[in-house]
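Visitor: Sequence first, then the predicted structure, then my questions.
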Amino acid sequence: MTTLSKVSKVPRNGLSEEEPPPVNRRHFLNGSLALTGTAVAVPAGLGLSAGWAHGAEDAVAEFPKDFLWGAATAAYQVEGAWNLDGKSESIWDRFVHTPGRIKNGDTGDVACDSYHRYPEDIALMQQLNLRSYRFSLAWTRIQPNGRGPANDKGLDYYKRLIDSLLQAGIRPLPTLYHWDLPQVLEDAGGWPNRDTSDRLADYATIVARALGDRIDHFAVYNEPKTFTHLGYWEGKFAPGRTDPLDFLKATHTVNLGQGKAFRALKAIRPAMQVGGAFDVAPMAPATPSAADKAAAERWYKFLNLWFVKPALTGSYPEGVLPADQQAALLGFRPGDETLVRAPLDFLGLNYYSGWIVRHAPEGNGVPGLDTHADWAAGPHEKTDIGWDIYAPGFYELVMEMARHTGNIPIEITENGAAYNVMPDAHGDVRDKRRIDYLRLYLKALARAIRDGAPVRGYHCWSLLDNFEWAEGYSQRFGLIFVDFKNGLKRTVKESGEWYAKVAASGQVA
Ligand code: FCB
């Protein structure tokens, strides 16, 4: 790996005192997004061809020899077996069984049936030359009542899965919580209820005792911002609530839970490296006005730092909520500055696209935030799910998060694209656009590593086509095609074959 010079000025494991950089992104603003008035003006000739950066990236990007090439999934999205072997109902089970919530009425009841087919999936991972597999544990399998005793059958499933991965020479990277809260805990108030943080810590203790001897690396949460925002404020994800004040309380419980679960895991397995998977993104103000730039900075701190800064420093980013109301809005009690601390051993980053942000003087329900933010709404070509393809933002955010966190080792815990390509007459899935996407993003990542970002692994989202939350099965992110109409047959896509070569050679051409 090249030197860490560009990011090594900041002390390790201490959040940089520097404010986030002014939102004035070289590529996003001055290059790709020329913004005038209130409308997004796309300069002629920009878009994908400019995005396919010819100049900036190397013709052949070389990754470090020991780089962890991987793929990611999540329990609810692939396992199926939603009510087997003592598993209880999660908020996602409840949500998908509520009419009107999910496109086409799809559910994860069966999904990819990885609960039964994991040996086949692991054989496919070997075929893809993967060295790391990121998956999540279903709380409802392991501790069905959300409190109290463990369910041995649930734990046995994860023991079998993890042992099989280890036998195959693949590092297991479990996530403790990828959005599937036991419904019984939602009924008790869910994430806005402070008690849920203690429930998470108890669950973490069960997991560490039962599985800790097999696990060296662990992520506490997947995308804490997304599941609180979409679950409690926007209501598009389970449990479908739409109260911005509940949402704020949820963010604080989640931060408390992060600290408590971190300590619970370490208490049992001190050598375990514990981190998290945080969604990060660049912000572009909708216009060059000072008000929109300030709004974009608030959204930047909120989105990228709200769950990282408390873990590393015990305090929230300033300038997001009104200082005199913050404690009351969050339910922050004296001593919480210690409880939220979690000196993360590694930082997992999920990156897909950027936001366009404007000042919303009318407010948005969160006191003082006053933003209106559009996800993945840049001017570039879109993937099939409609997300703007913006690879330079990957470089920027990796560099910035390294700087903010003082060089904690980074793993890319998710990145990938939805392309809904079906098998051709020969049964082959020729998804060339996914290859183009991955090539572009991986070259941006290679540049960040070359410029000193301490990135040690990359997980493509996803190993398999799977249940894409509110989109159901309509969006295919997999390196492996799953035929949901014909016995869940798996077929390695052209992109999967390409990725296997990348993983074997460490080169992206
Ligand atoms: C991320 C989620 C993951 C998957 C991808 C496409 O936000 O963490 O589960 O749905 O998006």
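Guide: Nice, I can see it.
Visitor: switch to C-alpha atoms for all contacts and neighbour counts from now on
Guide: Will do.
Visitor: Do me a favour and get the end-to-end distance for stretch 481-494?
Guide: For stretch 481-494, the separation between the terminal residues is 10 Å (CA to CA, to the nearest Å).
Visitor: Next: stretch 452-466.
Guide: Distance across stretch 452-466, first residue to last, is 34 Å (CA to CA).
Visitor: Offset the numbering so it begins at 379, please.
Guide: Okay, using 379 as the starting number, the last item reads as stretch 830-844.
Visitor: which residues of the stretch 379-528 of the chain fall in helices?
Guide: Taking DSSP state H, counting those that start in this stretch, the helices of the stretch 379-528 of the chain run over residues 426-429, 453-456, 469-474, 492-505, 517-520.
Visitor: looking at these, which is closest to D829?
Guide: helix 426-429 (19.9 Å; CA to CA).
Visitor: Show me what the strand or helix carrying A878 is packed against.
Guide: In this assignment (DSSP states H and E), A878 forms part of helix 872-883. Packing contacts for helix 872-883, counted by 3 or more CA pairs under 8 Å, 6 or more residues apart in numbering; DSSP states H and E, involve helix 810-828.
Visitor: got the angle for the helix it packs on vs helix 872-883?
Guide: Relative orientation of helix 810-828 and helix 872-883, computed by axes from the mean of the first three to the mean of the last three CA atoms, to 10 degrees: 30 degrees.
Visitor: elements contacting the next helix or strand after the helix holding A878?
Guide: Next along the chain after helix 872-883, taking DSSP H and E as the criterion, comes strand 885-886. Strand 885-886 sits against strand 439-440, helix 810-828, with contacts defined as 3+ CA pairs under 8 Å, 6+ apart.
Visitor: List the contacts of the residue nearest to E875 when sequence neighbours are not counted.
Guide: In space, and not counting its chain neighbours, E875 is closest to L506: 6.9 Å by CA to CA, 6 or more residues apart in numbering. Taking CA atoms under 8 Å, 6 or more residues apart in numbering as the contact definition, L506 lies against 874-875, 877-879, 881.
Visitor: repeat that for 7 Å
Guide: By CA atoms under 7 Å, 6 or more residues apart in numbering, L506 lies in contact with 874-875, 877-878.
Visitor: Likewise for W611?
Guide: For W611, counting by CA under 7 Å, 6+ apart, the contacting residues are 619-622, 625.
Visitor: Please repeat the previous calculation with a cut-off of 6 Å.
Guide: W611 makes contacts with 620-622, 625, as judged by CA atoms under 6 Å, 6 or more residues apart in numbering.
Visitor: Inside helices: which ones of these?
Guide: The members of the contacts of W611 that map onto helices under DSSP state H are 622, 625.
Visitor: In a markdown table, list the contacts of W611 along with pLDDT, neighbour count and distance to F445.
Guide: Formatted as a markdown table, the contacts of W611 follow (pLDDT from 0 to 100; neighbours: other CA atoms under 10 Å; distance: CA to CA, whole Å):
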| residue | pLDDT | neighbour count | distance to F445 |
| --- | --- | --- | --- |
| T620 | 98 | 16 | 41 |
| D621 | 98 | 16 | 42 |
| P622 | 98 | 18 | 41 |
| F625 | 98 | 26 | 37 |
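Visitor: Relative to A672, which of the contacts of W611 is nearest.
Guide: Looking across these and measuring by CA to CA, the closest to A672 is P622, at 20.8 Å.
Visitor: now that closest one, nearest residue through space, not along the chain?
Guide: Closest residue in space to P622, ignoring its immediate chain neighbours: W611 at 4.9 Å, by CA to CA, 6+ apart.
Visitor: Over to P660?
Guide: Of all residues beyond its chain neighbours, the one nearest P660 is G732 (4.9 Å), with distances taken as CA to CA, 6+ apart.
Visitor: next one: Y768
Guide: S731 (5.6 Å).
Visitor: that older thread, now the helices of the stretch 379-528 of the chain as CSV including mean neighbour count?
Guide: Below are those laid out as CSV (neighbours: other CA atoms under 10 Å):
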stretch, mean neighbour count
helix 426-429, 14
helix 453-456, 26
helix 469-474, 21
helix 492-505, 17
helix 517-520, 27
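Visitor: Nearest to T691, out of those?
Guide: Ranking those by distance to T691, with CA to CA as the measure, places helix 517-520 first at 28.2 Å.
Visitor: where does this protein dip in pLDDT?
Guide: By pLDDT under 70, the weakly predicted segments of the chain are 379-434.
Visitor: same thing but 80
Guide: For the chain, the stretches with pLDDT under 80 are 379-435.
Visitor: L725 contacts I788, doesn't it?
Guide: Yes: under the criterion of CA atoms under 6 Å, L725 lies in contact with I788, with a separation of 4.8 Å.
Visitor: Need the residues touching each of the two.
Guide: Taking CA under 6 Å, 6+ apart as the contact rule, L725 and I788 have no neighbour in common.
Visitor: how about the strands in the stretch 579-728 of the chain?
Guide: Along the stretch 579-728 of the chain, the segments classed as strands by DSSP state E, counting those that start in this stretch run 595-600, 651-657, 661-663, 724-728.
Visitor: Most tightly packed of the ones you listed?
Guide: Using mean count of other CA atoms under 10 Å, the stretch among the strands of the stretch 579-728 of the chain with the largest mean neighbour count is strand 661-663, at a mean of 30.
Visitor: Other residues contacting it?
Guide: Contacting residues not belonging to strand 661-663 are listed as 670-671, 674, 732-736 [CA under 6 Å, 6+ apart].
Visitor: same thing with stretch 759-775?
Guide: Contacts for stretch 759-775 (CA under 6 Å, 6+ apart): 426, 660, 731, 754-756, 758, 796-797, 819, 822-823, 826.
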